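1. Give me a 3D structure for the following:
(chains A and B)
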Amino acid sequence: MAAPTLRVCALYPGLMNIYADRGNIAVLRARCEWRGLGFSLESSGLGERLDAERHDLLYIGGGQDRDQILVAEDMVATKREALHAAAARGAVVLAVCGGYQLLGTSYQLGERKLAGVGLVDLWTVREPGPRLIGNCAIEADLGTGPRVIAGFENHGGRTHLGSSERPLGRVLKGHGNNARDGLEGVRRANVIGTYLHGPLLPKNVWLADRLIELALGVELEPLDDTMEDAAHLSARRAAGL
Amino acid sequence: MRTVAGVALARGLRLLVRRLGRGGGTTLPGRVLLRFDRGAIERLGRRLRGGSVVVSATNGKTTTAAMIAGVLERSGRPVVHNRAGSNMHWGVATALLDAGRRPGEIGLFEVDEAWLPAVARALSPRLYLLSNLFRDQLDRYGELELVADRWAEVVAERAHGATLVLNADDPLIADLGREHRDVVYFGVADDSQALPGLQHASDSKHCRRCGHAYAYDAAYLGHLGRYHCPNCGRERPDPQVYAERVELRGMSGSHVELVAPAGRISLDLPLPGLYNVYNALAAAACALELGASLEGVRTGLEGTAAVFGRVETLTVAGRPLSILLVKNPAGANEVLRTLTLEEGSLDLWLALNDGIADGRDVSWVWDADFEVLAGRVRRATCSGMRAEEMALRLKYAGIDGPIAVERDLGRSLDSAVADGDGAPLYALPTYTALLELRDLLADRGLARPWAG
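-> From the prediction side, this is the model:
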C-alpha cells in the first residue's frame, strides 16, 4: 500500500500568521517527508470555499485585530458548514491564538461582538485588564498519557469553556484561557484550540507527531529527535518548568 | 532649580559609571535625572538652539542617526546625539546632559518606537524622520497597526510646524504624511532590486485608508516597495530623494546613484545590503533638509563606518569576525540576503537571547527566511539563552552543515572561531547577545568599551 499523504489546509495564511505560524506547517511537512509520508499544502482565504472532504488537517493561526475581524466574518459566512463537516469526519483542526478564539460561539471585543464558527462551546471576552503575555507550559493528554506542551501566549481575550467542554490541558506555568480557572485551550475529539501561539509544534514535536497520527489514523515510527528534545526542554525552562 | 541639581547629580553619576568601565553610563544618569525632574527632557531640550530631530523606525535607527551625525559633524554642525543607541526616554535624557554648551547645537535623537510620543511631546522636534515599521517584539510593542496609530496621533497633535521625512516605500509610514504640509519622501527607484514576491513576514498588506489589500508593482524589502490600493487609489507617493541603479556588493557595501532636488550624486556606501541603502536615503533626505550640501552628504555617508554590531568586522584569533545584529524577521532577512551574496560556504555563529530588550518571545525566528542559506553553511554554532531553539530552526531550514549548540557565549564563540582556517566567521546575535558579545570582546581588548 502506498504511504498516505497528510493533506493540510492553512486557513487565511496571509492574514492569520502574526507569530510565525508557518513554523507549525514547516514541522508537519518535514516530519512527514522524513518518514516517507506524502505531504500536501493548500490554503483557503477570504471568500474562498472550503471542501470538507479534501483535508486531513486544518490549521488557523493568530492575527492582528483588524485581520481577525475580517476573518471572523468570512469564516462564518463561507466556511462554517465545511468546518463542521470536516470535524465530524475526524479531520484534525488546530486553531492557535486568534484562530482559537474564533472556534467558539463568540468573541466580545469592546462594543463589538464577533460570531465564531461554533465548533466548540466556548466564548471569549476582551477585558480591560492587562494582556496575558509570557512563556507558558501545560500538561495535556492526547491519548498517549500526560505530556507537557511548552510555548508562549500573548492574548487580550479571556476564554471560558462551556460546562460540557474539556480543555486541552491544565496550566503548569503561565495564564492559560483566562488566568483564573487553570485551564488552557480546548479539545473535543480532533478539534484542538490553544493560546500557545505561533511555532508551537517546533517546541513540541511529540504533539506534531500525535496530530499526524490522529489525522491519518496511523502509528508513526520515531525519528532522531535529539535536537527537537533539546529545544522542547529549552522552551520548558523558559517557562520556569 | 531641580533641573540644575539633577543635571549635576546625573553628570557625576555618568562620570562614575564610565570610570567603573562598564555599561557606558547611557541609561542610569538619565533615569536619575528624570526621577529628580520629570520635565528635564523638555527643559534641557530648550537649550538646543538648532532644535531637535527625532529618528524612529523598527530597523536602522542607530545606523541612520550615526549617518546623519556623520554628515552634520563633517560640515561643522555641533550635534547632541544619543549615539550609543540608548533610545528610551532616559537615554535621550542622558544625551541631553551635554546640551547647551555650544552655539547652534542640534539635537539628534534616535527614539524607540513606543517612546516616540512621549519624547516628541517633550522635545517638540523640528524634524521627524520615520523610516519603517516591521513586526517586532509583539510582546512589548503590541500590534504593528497600533504603533502606526500612535504615531499618526503624534503627527496630528504635535508636528504642525515640523518637517516630516518619511519612507515612501513603507505604506504605514507614507500614510503619516497624507495630510501634512511639509513632507519629504525618500525611496528606492530601481526595479532590479525587486523581490520575486512579498516575503513571508510582510506586514502591512492592507490599505491604511480603506482596508483593501495593496497591490505591489515591486517589493524591495519586506513590505517596502511600490504599491497601490486598487480600491481607493492610494498609492506610494513619489519620493523627492531616491536611489537609482543600486548595486549590492555583498558584505563590502553597495553603489548607489542618489537623486535629490539639489542634484545627483554617486555613492559608494561601506555598509552592505539594501537595508543600509534605505538608511542612507533616510539620512540624506534628513541632512539635506537640515541644510547640508550634496557633497557633505556624500562624504558623510561614505565615511560612516559600522556602528558596533551593525556589520562591524573585528579580528578574533586571526579570523575576521563580522557582527550582524538580527532582532526581527525583516532585519534578519536582509542580513541573510546579504550573506547569500558572499562566495563559498559560510561559517555562522548565532546567539538567540530572550531578554526583555530582545522580546521574551522567540517565535520570530520561524518568520525569518533561514531557508535561503540551505546548502550554503559549512558549520553553524548556536548560542544564547535559547540556543537549542535556534539550532532547531536551522535544522528545519535545511541547513546541512553540522550545528553545534553551546549556551555560553564565550565558550561557543571560542569553539566557532577555533574550527576554521582564517575564513570569515559571521556572528548573528540578538540585541542583548550583542551587548554581551561587546563586553566579552572588550574584556579581551578586541573591541573598544562602549563610549556612551
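2. does any part of stretch A:6-20 sit near chain B?
-> Yes. Stretch A:6-20 comes into contact with chain B (C-beta under 8 Å from any C-beta of the partner chain), by way of A:Gly14, A:Leu15, A:Asn17, A:Ile18, A:Tyr19, A:Ala20. From N, CA and C alone the C-beta is placed, and that goes for glycine too.
3. List just the nearest of those residues to chain B.
-> A:Ala20 (3.7 Å; C-beta to the nearest C-beta).
4. Quick one: residues contacting that closest one.
-> A:Gly198, A:Pro199, B:Ala201, B:Pro329, B:Ser363, B:Trp364, B:Val365, B:Trp366, B:Asp367 (C-beta atoms under 8 Å, 6 or more residues apart in numbering or on different chains).
5. Which residues of chain B lie near chain A?
-> B:135, B:138-139, B:142-145, B:200-201, B:205-206, B:211, B:329, B:354, B:360-367, B:385-389, B:391-393, B:395-396, B:403, B:405.
6. sec struct for the residue in chain A that chain B sits nearest to, please.
-> Per C-beta to the nearest C-beta, A:Gly23 is where chain A lies closest to chain B, at 3.2 Å. What DSSP: H, G, I helix; E, B strand; the rest coil gives for A:Gly23 is helix.
7. What is the neighbour count of it?
-> 24 (other C-beta atoms under 10 Å in any protein chain shown).
8. try the one 5 residues further on
-> Here the count is done by other C-beta under 10 Å, and A:Leu28 has 24 residues near it.
9. so what's it scoring on pLDDT?
-> We note a pLDDT of 98 for A:Leu28 in this prediction.
10. B:Gly309 too?
-> 66.
11. dump the residue contacts of A:Met16.
-> A:Ile60, A:Gly61, A:Gly62, A:Gly63, A:Asp67, A:Gln68, A:Val71, A:Gly98, A:Gly99.
12. can we see that at 6 Å?
-> A:Ile60, A:Gly61, A:Gly63, A:Gly99 (C-beta atoms under 6 Å, 6 or more residues apart in numbering or on different chains).
13. now swap in A:Leu83 and tell me
-> Applying C-beta under 6 Å, 6+ apart, the residues near A:Leu83 are A:Val117, A:Leu119.
14. so which helix or strand takes in it?
-> helix A:80-88 (DSSP states H and E).
15. give me every residue that touches the residue of chain A closest to chain B.
-> A:Pro199, A:Pro202, B:Trp366.
16. Repeat that for B:Arg319.
-> B:Arg319 sits in contact with B:Val417, B:Gly422, B:Leu425, where contact means C-beta under 6 Å, 6+ apart.
17. okay, it: pLDDT?
-> For B:Arg319, pLDDT reads 92.
18. quick one: it from chain A, how far?
-> 26 Å (C-beta to the nearest C-beta, to the nearest Å).
19. who's that residue bridged to?
-> Note on B:Arg319: beta-bridge partners B:Val316, judged by DSSP bridges.
20. Pretty sure B:Gly60 sits against B:Leu281.
-> No. Counting by C-beta atoms under 6 Å, B:Gly60 does not reach B:Leu281; the two are 10.4 Å apart.
21. State the mean pLDDT of the longest helix along chain B.
-> Using DSSP state H, we find that the single longest helix of chain B is helix B:2-20. Across helix B:2-20, the average pLDDT comes to 80.
22. Now the helix or strand just after that helix: buried residues?
-> Counting by DSSP H and E, the element after helix B:2-20 in chain order, helix or strand, is helix B:28-36. Going by neighbour count (16 or more other C-beta atoms under 10 Å in any protein chain shown), the buried part of helix B:28-36 is B:Leu28, B:Pro29, B:Gly30, B:Arg31, B:Val32, B:Leu33, B:Leu34, B:Phe36.
23. Next, count neighbours for residue 176.
-> No chain in the question, so chain A it is. 28.
24. My question was about chain B, not that one.
-> 23.
25. ok so it is a strand residue?
-> No. B:Leu176 is assigned helix when assessed by three-state DSSP, not a strand.
26. all strands of chain A, in order?
-> A:5-11, A:38-44, A:57-60, A:92-96, A:106-109, A:112-115, A:122-126, A:132-141, A:146-155, A:157-161, A:169-173, A:183-184, A:186-188, A:191-194 (DSSP state E).
27. which helices and strands sit right next to the fifth one?
-> Using 3 or more C-beta pairs under 6 Å, 6 or more residues apart in numbering or on different chains; DSSP states H and E, the elements in contact with strand A:106-109 are strand A:112-115, strand A:122-126.
28. what's the closest of those strands to A:Ala137?
-> A:Ala137 sits nearest to strand A:122-126 of all those, at 21.2 Å, using C-beta to C-beta.
29. Does the closest one reach chain B?
-> No. Residues of strand A:122-126 contacting chain B under C-beta under 6 Å from any C-beta of the partner chain: none, with a closest distance of 13.1 Å.
30. Just checking: what are the partner strands of that strand?
-> strand A:106-109 (parallel), strand A:157-161 (antiparallel).
31. starting at the chain centroid, how far to the first one?
-> With C-alpha atoms, centre = their mean, to the nearest Å as the basis, strand A:106-109 stands 19 Å off its chain's centre.
32. just the last one next, same as before
-> On the basis of C-alpha atoms, centre = their mean, strand A:157-161 sits 15 Å off its chain's mean C-alpha point.
33. Tell me the residues of chain A that contact chain B?
-> So far as C-beta under 6 Å from any C-beta goes, chain A lies against chain B at A:19-20, A:23, A:26, A:30, A:64, A:133, A:152, A:154, A:198-199, A:202, A:227, A:230-231, A:234.
34. which one of those has the most neighbours?
-> That'd be A:Pro199 among the residues of chain A next to chain B, by other C-beta under 10 Å, with 32 neighbours.
35. ok, now which ones touch that one?
-> Contacts of A:Pro199 by C-beta under 6 Å, 6+ apart are A:Ala20, A:Gly23, B:Ser363, B:Trp366.
36. Also A:Asn135?
-> A:Phe152, A:Ala238, A:Ala239.
37. B:Leu394 versus that one, what's the distance?
-> According to C-beta to C-beta, to the nearest Å, A:Asn135 stands 22 Å off from B:Leu394.
38. taking the residues of chain A next to chain B one by one, which sit in helices?
-> Members of the residues of chain A next to chain B lying in helices (criterion: DSSP H): A:Gly23, A:Ala26, A:Ala30, A:Pro202, A:Met227, A:Ala230, A:Ala231, A:Ser234.
39. The second one reaches B:Tyr396, doesn't it?
-> Translated: A:Ala26. Yes. Judged on C-beta under 6 Å, A:Ala26 makes contact with B:Tyr396 at a distance of 5.3 Å.
40. circling back to that earlier point, got a winner among the contacts of B:Arg319 for most neighbours?
-> Going by other C-beta under 10 Å, B:Leu425 tops those with 23 neighbours.
41. Surely that one and B:Pro320 touch.
-> No. Using C-beta under 6 Å, B:Leu425 makes no contact with B:Pro320, being 7.2 Å away.
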